[in-house]
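A.B. asks: the amino acid sequence is not available; the structure is as follows:
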């Protein structure tokens, strides 16, 4: 049921994936580990659809939800290194309309560490407005912060992507999908897309979800920070719709293989290759926040858009690791200390119950056990 290859050191990864599939924690999935350009793990297995008629293949794409945020963080970091953007100066310098509503001092540092007070909008919007780009970014530009910027960390589930990417578009002229294709996916030959052409739909896995996969949404609403879940509202199975796949939603609709993400993060673990300098990476991954995300009642560490590693992190135990997780269980990260790029993608979304932790720990334990 599990296909692909592993370096002998990582043979246990195949067993872990097989166990997750056999136990029903996964329907279909991919796992990849890359070190210094060498593919140590490239595994896939299970099914790409709920009816279990389409086997998961090496080139199966899947929606990676917020794992997309790490790709967007790199795009911004590249623009910062080129002098097109700045982490510390007001976003309104490149996006004048954004100064409305008392936001004239908000910087990318605040946005990318989820402290801008803009985890959602109060203007009633539909998903089509999110897909169309302009209505959503105009609503964000007109919005008054929902709390004092910088006063707390509240996860910006969808707004993070449009806020960062509109800043990039104003400075560079390209939409996020084009920038990522031209500057990141193209040069590295990655099967990674933000805005999936209809011609590639046949490769896209069907998302499925457990009954508790949306518990975190309800938890955020209970904490009083539910703006991120409304105006518009996306549910667990929204990525199966053509409109979602076609749109550019850099906070959550990347489509990728595990190998593409691991290759990208392997490049970053090695210093950035031709994409970005070690200094540019250091600036992007410098800690901006270490504390509680009050919307999730959970400890977190953020750089400029990257989640940072550590003992309680889902992106590796080493504190210098950086990357991002995705709703339902996906993750991708660079571990510079170990020299690894790691990625796991899947189409069965789980909540935060024991099943999800068992699945995650099996993968992480086998990877780091091999080291």
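C.D. replies: Noted; the coordinates are in hand. As the structure is a computational prediction, the values presented were derived from the model and not from experiment.
A.B. asks: what's around the closest residue to residue 223 other than its chain neighbours, how many residues?
C.D. replies: Leaving aside its chain neighbours, residue 223 sits nearest to residue 295 (5.3 Å; criterion: Cβ to Cβ, 6 or more residues apart in numbering). (C-beta placed from N, C-alpha, C; glycine too.) Look at residue 295: counted by other Cβ atoms under 10 Å, it has 26 neighbours.
A.B. asks: and residue 295, how far from residue 34?
C.D. replies: Applying Cβ to Cβ, to the nearest Å, the value for residue 295 to residue 34 is 33 Å.
A.B. asks: with residue 214 instead?
C.D. replies: In this view, residue 214 and residue 34 are 32 Å apart by Cβ to Cβ.
A.B. asks: what does residue 121 give?
C.D. replies: Using Cβ to Cβ, we find residue 121 at a distance of 38 Å from residue 34.
A.B. asks: please enumerate the strands of the chain.
C.D. replies: Remark: strands assigned in the chain by DSSP state E are 2-6, 28-35, 38-46, 62-63, 192-194, 208-209, 254-256, 289-293, 298-302, 307-308, 322-325, 331-335, 340-346, 348-349.
A.B. asks: any idea which of the ones you listed gets closest to residue 87?
C.D. replies: Checking the strands of the chain against residue 87 by Cβ to Cβ gives strand 298-302 as the closest, at 12.3 Å.
A.B. asks: what packs against the closest one?
C.D. replies: On a contact count with 3 or more Cβ pairs under 8 Å, 6 or more residues apart in numbering; DSSP states H and E, strand 298-302 meets strand 289-293, strand 307-308.
A.B. asks: in the first one, what's buried?
C.D. replies: When neighbours are counted by 16 or more other Cβ atoms under 10 Å, the buried residues of strand 289-293 are found to be 289, 293.
A.B. asks: relative orientation of that strand and strand 298-302 in degrees?
C.D. replies: Using axes from the mean of the first three to the mean of the last three Cα atoms, to 10 degrees, the direction of strand 289-293 lies 150 degrees away from that of strand 298-302.
A.B. asks: how many residues are close by the residue lying closest to residue 183 once chain neighbours are set aside?
C.D. replies: Distances taken as Cβ to Cβ, 6+ apart put residue 78 closest to residue 183, at 6.2 Å, once the chain neighbours are dropped. The local packing of residue 78 (other Cβ under 10 Å) involves 22 other residues.
A.B. asks: what sits against residue 78?
C.D. replies: Residues counted as contacts of residue 78 (Cβ atoms under 8 Å, 6 or more residues apart in numbering) are 183, 184, 275, 276, 280.
A.B. asks: okay, the nearest residue to the last one once chain neighbours are set aside and residue 264: tell me how far apart.
C.D. replies: Translated: residue 280. Closest residue to residue 280 apart from its sequence neighbours, by Cβ to Cβ, 6+ apart: residue 81 at 3.8 Å. To residue 264, residue 81 is 17 Å away according to Cβ to Cβ.
A.B. asks: between those two, who's got more neighbours?
C.D. replies: Taking neighbours as other Cβ under 10 Å, residue 81 and residue 264 compare with residue 264 leading, 27 against 18.
A.B. asks: residues contacting the residue nearest to residue 280?
C.D. replies: Under the criterion of Cβ under 8 Å, 6+ apart, the contact list for residue 81 reads 276, 277, 279, 280, 283.
A.B. asks: now a ChimeraX select for only the buried ones of those.
C.D. replies: Selection of buried members from these for ChimeraX, criterion 16+ other Cβ under 10 Å:
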select :276,280,283
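A.B. asks: just give me the neighbour total for residue 5.
C.D. replies: Per other Cβ under 10 Å, the neighbour tally for residue 5 reads 11.
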